[in-house]
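> coordinates for the following, if possible.
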Amino acid sequence: MKQREKGLLFVHLAVFLFGFPGVISKLVNLPSFSLTFWRLILASLTLFLIIKLQSKHMPRPARSLDFWLIVSSGGLLAFHWTTFFQSIQVSTVATGLLSYSAFPLFTIFLEPWLLGTRFHRKNLILAAICLAGISLLVPEFNFKNNMFVGVMWGLASGFSFSLLTIINRKLTVSYPSLVLAFYQDTLAILFLLPVFLVKKFSWPGNLKSLGLVIFLGVFCTALAHTLFIRGLREMEAQTSSLISLLEPVYGLILSYLILKEQPSLRTLAGGCLILASVLWLSYHSARQGSHQ
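Below is the predicted model of the structure:
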């Protein structure tokens with residue numbers, strides 16, 4: 001098998017594994033913060049072993065700014081995963097995945113402001129299309145409606161992921177991606193610890209739940225992250241960006257096959273608008289990056 005074909009296989013497998021967490025959050029009877037906590041514990045331990053096996057150097061933050069960016073990224077990761085699971089648990093896998101998938105909408109406004117990059121006015125059209133898709137996910141703007149609440153949690157997850165992505169773009173210039181992921185997972189654990197002082201600490205209730213949590217932390221997080229980074233070495237950013245858009249597609253298929261969740265036509269229409277705008281944005285961002 002050629003190196004590029006192997007890279008494509010690794011990235012597709014990683015994105016397929018990224019599609020499982022939403023389904024697992026429905027199958028495991030754990031609060032969103034507890035599920036996030038166990039996911040982080042298992043992912044950080046697995047990443048530590050992978051880093052040691054690969055004999056990678058684990059650099060300490062060289063500057064004060066880097067230190068605080070890494071610390072803040074740990075907090076954002078804890079918030080991102082908790083709100084993502086919360087979105088799905090109060091609504092459906094489709095609602096959570098599709099509302100979170102709108103995170104590029106936040107990025108096109110936040111990145112020029114935070115990193116000083118150029119703002120492209122045509123992105124306003126994509127933002128409008130994305131907002132139209134989000135509005136279709138919401139049956140009514142009422143906090144008593146579970147779908148509306150699910151979309152709000154999903155958008156909060158997307159907003160935090162957008163900030164996390166922007167920080168990572170700055171940090172990955174100086175730190176290996178796997179090492180950075182290990183630091184962020186470990187710090188996220190520390191951010192979640194105070195939650196257990198005020199809320200009931202929850203364990204996986206049975207062997208099935210324990211197995212699913214292990215699969216979530218080890219395979220869907222640590223291994224998937226490792227495969228994705230390994231695959232990126234053999235392909236251009238444009239291709240990997242487009243493959244990443246399959247995550248909600250895989251998630252929807254898995255939720256239908258495993259949970260028998262069937263999204264409504266309105267939800268599917270909203271999802272198509274969101275994914276179409278994100279696809280167009282990812283394609284043009286990758287093209288602009290390749291011409292610079």
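> contact partners for residue 261?
92-94, 255 (C-beta atoms under 8 Å, 6 or more residues apart in numbering). From N, CA and C alone the C-beta is placed, and that goes for glycine too.
> who wins for most neighbours among those residues?
Using other C-beta atoms under 10 Å as the neighbour criterion, residue 93 leads the contacts of residue 261 with 28 neighbours.
> in this structure it contacts residue 257, no?
No: applying C-beta atoms under 8 Å, one finds residue 93 not in contact with residue 257, separated by 11.2 Å.
> low pLDDT regions in the stretch 1-150 of the chain?
1, 115, 119 (pLDDT under 70).
> if you set the cut-off to 80 instead, what comes out?
Applying pLDDT under 80 to the stretch 1-150 of the chain flags the ranges 1-5, 7, 62, 104, 107-108, 111-123, 126.
> what about the helices in it?
3-18, 21-27, 32-53, 64-90, 93-100, 103-115, 123-137, 146-171 (DSSP state H, counting those that start in this stretch).
> okay, buried residues for the fourth one please.
By neighbour count, with 16 or more other C-beta atoms under 10 Å as the criterion, the buried positions of helix 64-90 are 66, 69-90.
> isn't residue 25 right up against residue 83?
No: using C-beta under 8 Å, residue 25 is not in contact with residue 83; the gap is 11.5 Å.
> distance check, residue 177 against residue 194.
According to C-beta to C-beta, to the nearest Å, residue 177 and residue 194 sit 28 Å apart.
> try residue 244
32 Å.
> between those two, who's got more neighbours?
residue 244 (17 against 9).
> what sits closest to the more buried one if chain neighbours are left out?
residue 15 (5.9 Å; C-beta to C-beta, 6 or more residues apart in numbering).
> which residues touch the one you found?
When contacts are counted by C-beta under 8 Å, 6+ apart, residue 15 touches 224, 228, 243-244, 246-247, 250.
> nearest to residue 163 among the residues you listed?
residue 244 (17.7 Å; C-beta to C-beta).
> pLDDT score assigned to the closest one?
We have a pLDDT of 77 for residue 244.
> distance of the closest residue in space to residue 139 that isn't next to it in sequence relative to residue 98?
Among residues not flanking residue 139 along the chain, residue 147 sits closest, at 5.4 Å (C-beta to C-beta, 6+ apart). As judged by C-beta to C-beta, residue 147 and residue 98 stand 11 Å apart.
> between these two, which is the more surrounded one?
More crowded of residue 147 and residue 98, by other C-beta under 10 Å: residue 98, with 31 against 20.
> ok, and the closest non-adjacent residue to that one?
Residue nearest to residue 98 in three dimensions, not counting chain neighbours: residue 271, with 4.3 Å by C-beta to C-beta, 6+ apart.
> what does residue 219 give?
For residue 219, ignoring the flanking residues on the chain, the nearest one in space by C-beta to C-beta, 6+ apart is residue 17 at 5.9 Å.
> swap in residue 158?
residue 103 (3.6 Å).
> tell me the contacts of that neighbour?
157-159, 161-162, 165.
> ok, the nearest residue to residue 77 once chain neighbours are set aside - how many residues close by?
Spatially, and ignoring its direct neighbours in sequence, residue 77 is nearest to residue 188 (4.4 Å; C-beta to C-beta, 6+ apart). By other C-beta under 10 Å, the residues close to residue 188 number 26.
> same deal with residue 203?
Counted with other C-beta under 10 Å, the neighbours of residue 203 add up to 11.
> for residue 34, same thing?
Counted with other C-beta under 10 Å, residue 34 comes out at 23.
> any idea how far residue 151 is from the nearest residue to it once chain neighbours are set aside?
Spatial nearest neighbour of residue 34, excluding adjacent residues (C-beta to C-beta, 6+ apart): residue 202 at 3.9 Å. In this view, residue 202 and residue 151 are 25 Å apart by C-beta to C-beta.
> so for the two, which sits in the more crowded spot?
Neighbours per residue (other C-beta under 10 Å) separate residue 202 from residue 151, with residue 151 holding more: 27 against 16.
> so who does the more buried one touch?
87, 91, 95, 99, 134, 137-138.
> apply 10 Å and report the result again.
Residue 151 makes contact with 87, 90-91, 95-96, 98-100, 102, 134-135, 137-139, 141, 145, 270 under the criterion C-beta atoms under 10 Å, 6 or more residues apart in numbering.
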